[in-house]
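[1] Quick one: sequence plus predicted model below, questions after.
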Amino acid sequence: MVATADFNRRVLVYERLLDCMPNAAAAIDPDGVFFFVNRSACELSGYPADELIGSSFAKCLDPSDVDRVAAQVFRTLRTGMPVKAFKTAIRRKNGESRIISFALDVLTEDGQVVGAVATAEDVTSREHADRQYRLFESVVLNAREAIVITEGDRIDPHGPRIQYVNRAFTEMTSYDADEVLGRTPPLLQGPPTEPAALDEIRTAVTSKTPVQLELVNYRKDRSEYWTHLSIMPVADHLVMFQMDVTDRRRRELSLERKLAEANRRLEEGALAGLFPGEEPATTYLRQQIVEAAPSRRLPVLILGERGTGKALVAREIHRLSERAARPFVPVDCTAIPAALFESEMFGHEKGAFTGATGVKRGLFQHADGGSLFLDEIGELSLEQQAKLLVTIQERSIRRVGGTMAIPVDVRIIAATNRDLEQLVAEGRFRADLYDRLRGFLIEVPPLRDREGDLELYIDRFVTQWSQEEGKTISFVEPAVIEALRRYPWPGNVRELEFVVGRMVARAQDDRLGAELLPPEILGRRTVATLGATSTSEVNERTAAPRRELTKTEIEEALARNNSIVRRAARELGIARNTLYRLMEKHGISPR
């Protein structure tokens, strides 16, 4: 009796232990009938113990999987081979389906199989999560966008380490996954984009908000491609979506180049009014102005003889630049006494010297945000050059009597009619300042090298001075044009402007004749000999008595000159504006 009581007590203990297990446990006989179930088994199946004991294990299975499970159970009962992690679906009493994973082993007595014991756990949630993960993994793996997942909780100086890449990434970059895992994104980036990309990644980590940017990446073979990068913090990771936008960027860049070219042509068209003509030197000058204007900081050095229009070039560079709304401050370097150079250029503090009764802002500060035009820079002394160089290098000024460096944002445009290279060779101009100044080097050609543009300037100045003098000049004698063409113009365009101005001022009617030419243009020649010489050198039409041209004559002249009004006017011996007036009168449209 004692032994039986002890045995029963042990059985009760084991049953209680089995009831405390979180996993379901059950025992079946060789026919597959339950003779024991624990509390977790009842909870998992939804059946009370008395409804399970004495019933077949198939009672709890999903009907669609009974045959497969039964085959495995009876194989174990027959062979004694245990089963581990066998997954199947069960049907609870209320009809709900669950997924379980069970292990099965035999019970033996005197070497004979007398049943089997099973333990099972509910893996429904895990299975659903696994299925969802596999679904997401398939979506990510086969996504059209390249996807990179990196660490997001720490960023070393070179960026976060890559933990996952999908198939699109390997196709986009030609890298295999094992070549990039554990590496950092700068592996793909060139020096121009790496700092910007890392800054954006740090922004995403610190702000916990998505960021987007476009940058240049490099494939394994170092070929370049543009990518649109979206960085999204997810838990303690960064998910980066990359799309190859190379084709779009190429189209955009092509369009930008076309727009820039169109703008350049528009700007050159506007400049043609200030620098008229189609001579190669003139066309190149307009191109140089348009190319130099966009830079915010790079200095410009303008070289050219006196009177060529260097100051006008400087003003146009400023007008076409991003600084156009800010001051343009011209400085004649020859007009500043050496003793006042620092005070004028950099300013002075109150009490810096006798007479300094207040703080004065220098020319650099007046030009802050804009352009400072240093005309005749070749006339500065070496001492002045040294002070100017320091300011350009440090981008700041120190007022006379002051100690504080004051930042200035100024673009330097300098001009001179001196040969700076020769001055550098002679030790009269600092080589380092010369190197600093010639970010863009523009040479304004002298008027004698633009002979084909002369008549355009004459037309322009005739119109200009006629308006200022209140006169109407409609005809310039061919002899005058020929004389002006022969003159070497040491004072260039400026000299031509005032020669024409004096002639217009002296004119008594609507014509400019040879008698109005100043002595320096005539030289040793008289008006009579000039007229005779000119008559023999110009077209007979131009020497004939002046009369109004017919519509047919104008049309024929235009046809012979490919509809170029300037050339037709020259052939007809009249000013271009006169020809335009006649064309309008006769209803002839310029092409």
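    Good, I have the coordinates.

[2] use CA for all of it now, contacts and neighbours both
    Will do.

[3] hey, where'd the helices end up in the stretch 251-400 of the chain?
    Ranges of helices in the stretch 251-400 of the chain, per DSSP state H, counting those that start in this stretch, are 280-292, 310-319, 341-346, 363-366, 382-394.

[4] where does the stretch 101-250 of the chain have low pLDDT?
    Residues of the stretch 101-250 of the chain meeting the criterion pLDDT under 70: 137, 139-141, 153-159, 186-187, 189-198, 201-202, 204-205.

[5] If we use 80, what do you get?
    Regions of the stretch 101-250 of the chain meeting the criterion pLDDT under 80 cover residues 129-144, 152-160, 184-209, 211, 213, 215, 235-236.

[6] re the thing from before, so which of the helices of the stretch 251-400 of the chain gets nearest Gln464?
    When the helices of the stretch 251-400 of the chain are compared by CA to CA, helix 310-319 sits nearest Gln464, at 16.5 Å.

[7] What is that closest one packed up against?
    Helices and strands touching helix 310-319, by 3 or more CA pairs under 8 Å, 6 or more residues apart in numbering; DSSP states H and E, are helix 280-292, strand 300-303, strand 371-375, strand 411-416.

[8] So for Ala431, which of those sits nearest?
    With CA to CA, the closest approach to Ala431 among these belongs to strand 300-303: 13.7 Å.

[9] Identify the neighbouring strands of that closest one in the sheet and state each direction.
    Partners of strand 300-303 in the sheet, by DSSP bridges, are strand 411-416 (parallel), strand 440-443 (parallel).

[10] Tell me which residues of the helix or strand just after the last one come out buried.
    Using DSSP states H and E, the helix or strand that directly follows strand 440-443 along the chain is helix 454-469. Taking 16 or more other CA atoms under 10 Å as the basis for neighbour counts, the residues of helix 454-469 that come out buried are 454-463, 465-466.

[11] same thing with stretch 105-120?
    By neighbour count with 16+ other CA under 10 Å, stretch 105-120 contains the buried residues 105-107, 113, 115-120.

[12] any chance of these in TSV, plus distance to Glu421 and secondary structure?
    Conversion of the buried residues of stretch 105-120 to TSV gives the following (distance: CA to CA, whole Å; DSSP: H, G, I helix; E, B strand; the rest coil):
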residue	distance to Glu421	secondary structure
Asp105	100	strand
Val106	104	strand
Leu107	106	strand
Val113	110	strand
Gly115	108	strand
Ala116	104	strand
Val117	102	strand
Ala118	99	strand
Thr119	96	strand
Ala120	94	strand
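
[13] which of those residues sit farthest apart?
    For the buried residues of stretch 105-120, with distances taken as CA to CA, the pair at the greatest spread is Val113 and Ala120 (21.0 Å).

[14] still on that earlier bit, want to try a markdown table for the helices and strands packed on helix 310-319, with distance to Asp510 as columns?
    A markdown table is the format used below for these (distance: least, CA to CA, whole Å):
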| stretch | distance to Asp510 |
| --- | --- |
| helix 280-292 | 30 |
| strand 300-303 | 38 |
| strand 371-375 | 38 |
| strand 411-416 | 39 |
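
[15] Indicate which one of these is closest to Ala568.
    So among the helices and strands packed on helix 310-319, helix 280-292 is nearest, using CA to CA, at 20.5 Å.

[16] Quick one: mean pLDDT over the closest one.
    Mean per-residue pLDDT for helix 280-292: 87.

[17] next one: stretch 511-524
    Averaged across stretch 511-524, the pLDDT comes to 84.

[18] what's it in contact with?
    Counting by CA atoms under 8 Å, 6 or more residues apart in numbering, stretch 511-524 makes contact with 473-477, 479-480, 483-484, 487, 499, 503-504, 506-507, 527, 530-531, all of which sit outside it.

[19] again, 7 Å this time
    Under the criterion CA atoms under 7 Å, 6 or more residues apart in numbering, residues 473-477, 479-480, 483-484, 487, 503, 506, 527 lie in contact with stretch 511-524.

[20] in it, what's buried?
    Buried residues in stretch 511-524, counted by 16+ other CA under 10 Å: 511-517, 521-522.

[21] would JSON lines of these with distance to Leu582 and secondary structure be doable?
    Formatted as JSON lines, the entries for the buried residues of stretch 511-524 read as follows, by distance: CA to CA, whole Å; three-state DSSP:
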{"residue": "Arg511", "distance to Leu582": "16", "secondary structure": "strand"}
{"residue": "Leu512", "distance to Leu582": "18", "secondary structure": "strand"}
{"residue": "Gly513", "distance to Leu582": "20", "secondary structure": "coil"}
{"residue": "Ala514", "distance to Leu582": "24", "secondary structure": "helix"}
{"residue": "Glu515", "distance to Leu582": "26", "secondary structure": "helix"}
{"residue": "Leu516", "distance to Leu582": "25", "secondary structure": "helix"}
{"residue": "Leu517", "distance to Leu582": "26", "secondary structure": "coil"}
{"residue": "Ile521", "distance to Leu582": "30", "secondary structure": "helix"}
{"residue": "Leu522", "distance to Leu582": "31", "secondary structure": "helix"}
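
[22] Which of those sits closest to Asp178?
    Within the set of these, Ile521 lies nearest Asp178; the separation is 83.4 Å, counting by CA to CA.

[23] Give me the distance between Leu107 and Leu298.
    According to CA to CA, to the nearest Å, Leu107 and Leu298 sit 92 Å apart.

[24] Tell me how many other residues surround Lys310.
    Other residues lying near Lys310 total 25 when counted by other CA atoms under 10 Å.

[25] For it, give me its contacts.
    Contacts here follow CA under 7 Å, 6+ apart; on that basis Lys310 touches 302, 304, 415, 444.

[26] Pop out the phi and psi values for Thr227.
    Phi and psi for Thr227, reported as degrees, to the nearest 10, are phi -130, psi 140.

[27] That one and Leu215 touch, don't they?
    Yes. Using CA atoms under 7 Å, Thr227 is in contact with Leu215, at 5.7 Å.

[28] what about the two, which has more around it?
    Between Thr227 and Leu215, counting by other CA under 10 Å, Thr227 is the more crowded of the two (21 against 17).

[29] low pLDDT regions in the stretch 251-400 of the chain?
    Going by pLDDT under 80, which is the cut-off in play, the stretch 251-400 of the chain has low-confidence ranges at 253-274, 277-278, 351-352, 354-357.

[30] can you give me the helices in the stretch 451-591 of the chain?
    Under DSSP H, counting those that start in this stretch, the stretch 451-591 of the chain gives helices at 454-469, 478-486, 492-506, 519-522, 527-537, 540-543, 551-560, 565-572, 576-586.

[31] got a winner among the contacts of stretch 511-524 for most neighbours?
    When neighbours are counted by other CA under 10 Å, Ala479 leads the contacts of stretch 511-524 with 25 neighbours.

[32] Would you check how far apart that one and Thr472 are?
    Distance, Ala479 to Thr472, by CA to CA: 20 Å.

[33] How about Gly452?
    Noted for Gly452: a distance of 25 Å to Thr472, by CA to CA.

[34] Then Arg570?
    In this structure, Arg570 and Thr472 are 19 Å apart, going by CA to CA.

[35] More neighbours: these two, which one.
    Neighbours of Arg570 and Thr472, each counted by other CA under 10 Å, are more numerous for Arg570; the result is 19 against 16.

[36] Do you know the pLDDT at that one?
    Turning to Arg570, the model gives it a pLDDT of 72.

[37] How much space separates it from His348?
    Distance check for Arg570 against His348: by CA to CA, it reads 58 Å.
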